[in-house]
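Asker: coords below, sequence missing:
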């Protein structure tokens, strides 16, 4: 563990579980209570937040504590450096002995040159109830925070529980977390108070969409280190869109569903891309990822047919249908799906597996050599399928699409090891091919639905004809894009 690193996890506490959780914390008479008021500092353009830093001044009883926080390694680890102050006036030099502190000083110097004054962006007021729990292999502080975050005249409630490792094994802490999560229905939230406050100050109270970001690791990284960076990014992609579905408004649902599905696909592709170089994940974890993807797929298919193909048909002048398209999937209750035991258990299982990750039986050679060999082998498989493209039926096209997605994501994962321009060109080509193959699949699904309507609704013939024509165009476009990708 790095210097000034904290091992911690935060969860939202459902209202129905709040009383029982608080009672459990005070059950043995060892819990402590505290009132905490904090101000978070930044520039008007959120220069510190954009750099991944949170700078806080907090009153803790009769003393003032200044803290600098930043990202650590993965979902568990956070950087935090604290310094006691005589009053409420902040002093950035108090963190100068740390690398993030040096980054803070540099950013503040640049902000001063640019005329950006540092000030309070938002504040938090919480009542904390904390109990130290000794479990087999670890000592853990469990803190229930209740209160609010305020930015100007706008406020949002806070009700969360934090598990922080005081000493011992992260695995032992996670085992404790798993028991408490299941008992009280806790919901994993990767966002911290600073992120919530900045969103509120910007007039955006709901969790935003989180798109994929390139993993970062050194070109000399071991397979284990590189995979850790890739896995952390994929899990952040999934979990940050998951909390958006659990907390966000319905109007933003389709975007979060799409991005969460992309995150799950990337996570599963990462397991395949690094297979044999790191330890195999538990079978139940892999199955859980597959099951959650399928559940979200129901929502995505409904969105596509309701607002995608149907909207295009309307623009094309299709006569209105008198019957609903059959076979449309029932829309799952997305907040319930994300907050439910299966999804929350899966997210925590991913975090726990990552925390105990071990290398596999890595063949000789550098990661660059191994990655290039795997990419070439997968590329040859795509080329073979493309050469027989005109004979491929729908199931074969679906398999080809999965191969293309896996190749595209593997290129993203191994990009730090590969030539930049050529890799960017390949990723762009495969992304286009993947999109068009997805449209082919959607159109097949739509045509089957409309075809089932024609016997009782003649207006469906227009839809069948339009979708069939569009399907031929999309299939030809997919063939062209795939040939371009195969030639790169």
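Answerer: Yes, it's here. Fair warning: this is a prediction, and the values are worked out from it, not measured in the lab.
Asker: residue 115 in helix, strand or coil?
Answerer: At residue 115, secondary structure determined by DSSP: H, G, I helix; E, B strand; the rest coil is coil.
Asker: what's the separation between it and residue 48?
Answerer: From residue 115 over to residue 48 the distance is 16 Å, taken as CB to CB, to the nearest Å. Every C-beta, even on glycine, is put in place using the N, C-alpha and C of the backbone.
Asker: likewise for residue 228?
Answerer: 26 Å.
Asker: of the two, which one has the most company?
Answerer: It is residue 48, of residue 228 and residue 48, that has more neighbours when counted by other CB atoms under 10 Å, with 25 against 20.
Asker: contact partners for that one?
Answerer: Neighbouring residues of residue 48 by CB atoms under 8 Å, 6 or more residues apart in numbering: 41, 42, 54, 55, 104, 107.
Asker: what strand or helix carries the fifth one?
Answerer: Pointing back at residue 104 there. If you go by DSSP states H and E, residue 104 is part of helix 99-113.
Asker: which neighbours in the sheet does whichever helix or strand comes after that helix have, and how are they oriented?
Answerer: Once the chain leaves helix 99-113, the next helix or strand it forms, by DSSP H and E, is strand 119-135. Its sheet considered, strand 119-135 pairs with strand 32-42 (antiparallel), strand 138-151 (antiparallel) by DSSP bridges.
Asker: just those: most buried one?
Answerer: Using mean count of other CB atoms under 10 Å, the stretch among the strands paired with strand 119-135 with the largest mean neighbour count is strand 138-151, at a mean of 19.
Asker: neighbouring contacts of stretch 462-475?
Answerer: Here stretch 462-475 has contacts from 309, 312-313, 316, 318-319, 321, 436, 439-440, 443-444, 446-447, 450-451, 453-454, using CB under 8 Å, 6+ apart.
Asker: report how many residues lie close to residue 441.
Answerer: 17.
Asker: contacts only, for it.
Answerer: By CB under 8 Å, 6+ apart, residue 441 lies in contact with 394, 397, 398, 401.
Asker: return the set of buried residues in the helix or strand containing it.
Answerer: Here residue 441 sits within helix 420-451, counting by DSSP H and E. Going by neighbour count (16 or more other CB atoms under 10 Å), the buried part of helix 420-451 is 423, 426-427, 429-434, 436-447, 449-451.
Asker: average pLDDT for stretch 155-172, rounded please.
Answerer: Throughout stretch 155-172, pLDDT has a mean value of 96.
Asker: report the buried residues of that stretch.
Answerer: Quick answer for stretch 155-172 (16+ other CB under 10 Å): 155, 158-165, 168-170, 172.
Asker: what do you get for stretch 202-217?
Answerer: For stretch 202-217, a neighbour-count test (16+ other CB under 10 Å) marks 205, 207, 208, 210, 212, 215, 217 as buried.
Asker: for the third one, what is the enclosing helix or strand?
Answerer: Element membership for residue 208 (DSSP H and E) is empty, with no helix or strand holding it.
Asker: same question, the fifth one
Answerer: Using DSSP H and E, residue 212 sits within no helix or strand.
Asker: wait, what's in contact with it?
Answerer: 233, 237, 259, 262, 263, 266, 412.
Asker: 10 Å instead, please
Answerer: Applying CB atoms under 10 Å, 6 or more residues apart in numbering, one finds that residue 212 lies in contact with 233, 234, 236, 237, 259, 262, 263, 265, 266, 409, 412.
Asker: is the fourth one in contact with residue 269, as I believe?
Answerer: Put plainly, it is residue 237. No - here residue 237 lies out of contact with residue 269, judged by CB atoms under 10 Å, at a distance of 11.9 Å.
Asker: mind listing the strands for the stretch 151-300 of the chain?
Answerer: Along the stretch 151-300 of the chain, counting by DSSP state E, counting those that start in this stretch, strands occupy 154-168, 187-188.
Asker: for the last one, give the mean pLDDT please.
Answerer: Looking back up the chat, that one is strand 187-188. Taken as a whole, strand 187-188 has an average pLDDT of 98.
Asker: list the ones among the contacts of residue 441 that fall in helices.
Answerer: Of these, the ones assigned to helices by DSSP state H are 394, 397, 398, 401.
Asker: what is the burial count for the first one?
Answerer: Pointing back at residue 394 there. Neighbour number of residue 394 under other CB under 10 Å is 12.
Asker: how close does it sit to residue 218?
Answerer: For residue 394, the distance to residue 218 (CB to CB) stands at 43 Å.
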